[in-house]
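In: heads up, no residue letters with this:
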């Protein structure tokens, strides 16, 4: 028990003691004091009668207060237990994200998503962790060999969690600059305010992706499937769209295309 809690209980107990003294010692005499025409014996009997009436009421009040205090302490303990479990889960997931085994990292990604469901206060932390994880596990640099089968399962899982949006605070963006997502299967990707500047998305499947307001400056999108994607307000300045499929893609006057690129009608 913390010193603050002990002090609170001591103050509460002192308050109860004061109320008890007031009700038992002083209040009866004060209540009867205004009565006239009473003998000493009658006044004493009246005081005792008032005291006998007040004591059960005081006992009931103290019992109810005790129940309320007990409920508060139980609720507080449950909250502390939940916070302790959240911290343990968060710490363990961070350790697993740095592990050597891909399946372990994969599981850690979903454990973090589950943590946010249990304790939304971790939303921003998990968001930052997963974006950093993707950048670390799938960095793009010229000459990086392409991974067979697209991105690794743990990276795909992190992208899926971000796309579901539960770990992202409203208005927050996701910085995924210069990541290697060649051949990634990401239909319907819906990470709000995503920044993929300089990323390599060659031959990635982004069919129906929600990329409104996305930053794709300098991104490599050669042969990418962007059919039906929402590109309203997206910045594709300097992007390589050679062979990209844009049938049905939605753009508007705020969409910024590469210099000299003629978007489909």
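Out: Great, that's in hand. Quantities reported herein were computed from a predicted structural model and do not represent experimental measurements.

In: for residue 180, phi and psi?
Out: Per-residue torsions, residue 180: phi -100, psi 100 (degrees, to the nearest 10).

In: hang on, it packs against residue 144?
Out: Yes: using Cβ atoms under 8 Å, residue 180 is in contact with residue 144, at 5.8 Å. Glycine gets a C-beta too; all of them are placed from N, C-alpha and C.

In: joint contacts of the two?
Out: Common contact partners of residue 180 and residue 144 (Cβ atoms under 8 Å, 6 or more residues apart in numbering): residue 200.

In: out of these two, which sits in the busier spot?
Out: More neighbours surround residue 180 than the other of residue 180 and residue 144, with 24 against 12 (other Cβ atoms under 10 Å).

In: Once you drop chain neighbours, what's closest to the more buried one?
Out: In space, and not counting its chain neighbours, residue 180 is closest to residue 140: 3.8 Å by Cβ to Cβ, 6 or more residues apart in numbering.

In: count of residues packed around that neighbour?
Out: Neighbour count for residue 140, taken as other Cβ under 10 Å: 19.

In: measure it to residue 99 for me?
Out: Using Cβ to Cβ, to the nearest Å, one obtains 23 Å as the distance from residue 140 to residue 99.

In: One more: residue 151?
Out: Using Cβ to Cβ, residue 151 is found at 18 Å from residue 99.

In: between these two, which one's more packed in?
Out: When residue 151 and residue 99 are compared for neighbours, residue 151 comes out ahead with 23 against 13, by other Cβ under 10 Å.

In: my guess is the more buried one contacts residue 200, does it?
Out: No: the criterion here is Cβ under 8 Å, and residue 151 misses it with residue 200 at 10.9 Å.

In: Can you pull the residues that touch both of those two?
Out: Common contacts of residue 151 and residue 200 (Cβ under 8 Å, 6+ apart): 180-181.

In: what about residue 125, how many neighbours?
Out: Residue 125 has 15 neighbouring residues, counting by other Cβ under 10 Å.

In: and it, backbone torsions?
Out: phi -60, psi -40.

In: quick one, what contacts it?
Out: With contact taken as Cβ under 8 Å, 6+ apart, residue 125 is in contact with residue 90.
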